[in-house]
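S.K.: Kindly return the folded structure for what I paste below:
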Amino acid sequence: MPRLPIEDHPMTVNVKSPPATTIPTDWVRRAHDLGPQIAARAADADESDAFVAESLALLKAEGFHTAAVPAELGGGGASHAELSAMLRVLATYCGSTALALAMHTHAVALPAWRWRRTPEAVEGLLKRVVAEGLTLVSSGGSDWLDGSCKATPVDGGFRVSGRKVFASGCMSGDLLVTMAVLDAPEGPTVMHMAIPMKADGLKILDTWRTLGMRATGSHDLELDQVFVPDAAVTVKRPAGKWHPLMHMVTLIAFPLIMSVYVGLAEAAREKVLALAGARKASADTELLIGEMETQLSAARLALGDMLACAATDEPGPDATSRIMTGRTLVARGAIAAVEKAMAAAGGAGFYRRTGLERIWRDVQAARYHPLQENAQARLAGRLALGLPIDG
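M.R.: Purely as a prediction, here's the structure:
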């Protein structure tokens, strides 16, 4: 794995532009084309806690797993906004498929973003995603600033032991993009690293039994003395502190992840409008649907601001707070919109056959991505008061 010279400023080299002859792929149209096949499997996978392996394999075969890779490197060359729209559409067919793909996609989108600034740092990984068909698995949701798992120095590298949670898509993953904590003289140090999913000592634990997003296969991972060579460590940073890499992750990853939840709310809207259109309207139904529309608009506006931030802002505390504020507002709006859709559907929404109850369960997962509401509000408050964000 290539090293990631995080100390280099991401804007120190000229941004590359795709060749003028590049014909862009319509990722939204392609998502709609494949959507019915994905939707046909969604309910059964949800009811049986079965991983959406077939749907993800279909998307991989159609090039979706390389959509974020620059076209110059053989990928789909999709923009950040196009990736968001693609995931949003896929979520209307199956939330679990969309979220599992989002976790791989954001892990590719970050090095793709860096490639246009410091290509030598990440080009090798991006080429491997295309040439080897790699699926990346992230453990960021369980690690975040503090990291997890213990790293012990050994000859030529480290031995890593511990447990990761929320490893979405791990059952079809090839490379775990993760962290481990080293007890260094200067204090606990989080090391970012890449570990093959087939590495000796790495085991998938069958733990994913949840309220929603049941088919993402977000099982726990157990690492028992897994060897990680020095060359696989890309970044070292103080534990519990904001670092430039984490600002980059925030800027690129979260607009993509939260796109899934806007797509779920949009799916709920379509279902309840179809149900309402089949019966005589009432004043209460009109009010509930109007409230749903308002909440969905709030989620869409917040997502739009997140994407605008990612398109124009540089990674740093201000951009991170803006993105994380959007994360909170998208989660609130999407959850509230689906709740209003359930209320407007009446008793029909309680039946599995309508698909609304599955959307309601899936959208609850929006609560659990970092930064959760209290941490996000504290970050915004410290910035507003002019205080250090690591306080």
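S.K.: Please, where are all the strands along this protein?
M.R.: Listed in chain order, the strands of the chain (DSSP state E) span residues 136-138, 150-154, 157-164, 175-184, 187-196, 202-205, 220-229, 233-238.
S.K.: Hmm, His243 and Val235 touching each other?
M.R.: Yes: between Val235 and His243 there is a contact under Cβ atoms under 8 Å: 7.5 Å. Where C-beta positions appear, they are placed from N, C-alpha and C, glycine not excepted.
S.K.: Next, count neighbours for the nearest residue to Gly35 once chain neighbours are set aside.
M.R.: In this structure, Gly35 finds its nearest non-sequential neighbour in Tyr93, 3.9 Å apart by Cβ to Cβ, 6 or more residues apart in numbering. By the criterion of other Cβ atoms under 10 Å, Tyr93 has 22 neighbours.
S.K.: Wait, Phe254 touches Thr325, no?
M.R.: No: counting by Cβ under 8 Å, Phe254 does not reach Thr325; the two are 10.6 Å apart.
S.K.: What distance do you get for the closest residue to Thr250 other than its chain neighbours to Gly326?
M.R.: Leaving aside its sequence neighbours, Thr250 sits nearest to Thr320 (Cβ to Cβ, 6+ apart; 4.6 Å). Distance from Thr320 to Gly326, counting by Cβ to Cβ, to the nearest Å: 11 Å.
S.K.: cool, and Met171?
M.R.: Taking Cβ to Cβ, one finds Met171 at 30 Å from Gly326.
S.K.: Pick out whichever of the two has more residues nearby.
M.R.: More neighbours surround Gly326 than the other of Met171 and Gly326, with 25 against 21 (other Cβ under 10 Å).
S.K.: Enumerate every residue touching that one.
M.R.: Phe254, Pro255, Met258, Ala302, Leu303, Asp305, Met306, Cys309 (Cβ atoms under 8 Å, 6 or more residues apart in numbering).
S.K.: need the residues you listed in JSON lines with neighbour count, can you?
M.R.: Below are these laid out as JSON lines (neighbours: other Cβ atoms under 10 Å):
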{"residue": "Phe254", "neighbour count": "24"}
{"residue": "Pro255", "neighbour count": "29"}
{"residue": "Met258", "neighbour count": "29"}
{"residue": "Ala302", "neighbour count": "22"}
{"residue": "Leu303", "neighbour count": "25"}
{"residue": "Asp305", "neighbour count": "17"}
{"residue": "Met306", "neighbour count": "28"}
{"residue": "Cys309", "neighbour count": "21"}
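S.K.: any chance of those residues in CSV, plus pLDDT?
M.R.: Below are those laid out as CSV (pLDDT from 0 to 100):
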residue, pLDDT
Phe254, 98
Pro255, 98
Met258, 98
Ala302, 98
Leu303, 98
Asp305, 98
Met306, 98
Cys309, 98
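S.K.: What residue spans form the domains of this protein?
M.R.: 27-134, 140-238, 244-384 (automatic domain parsing).
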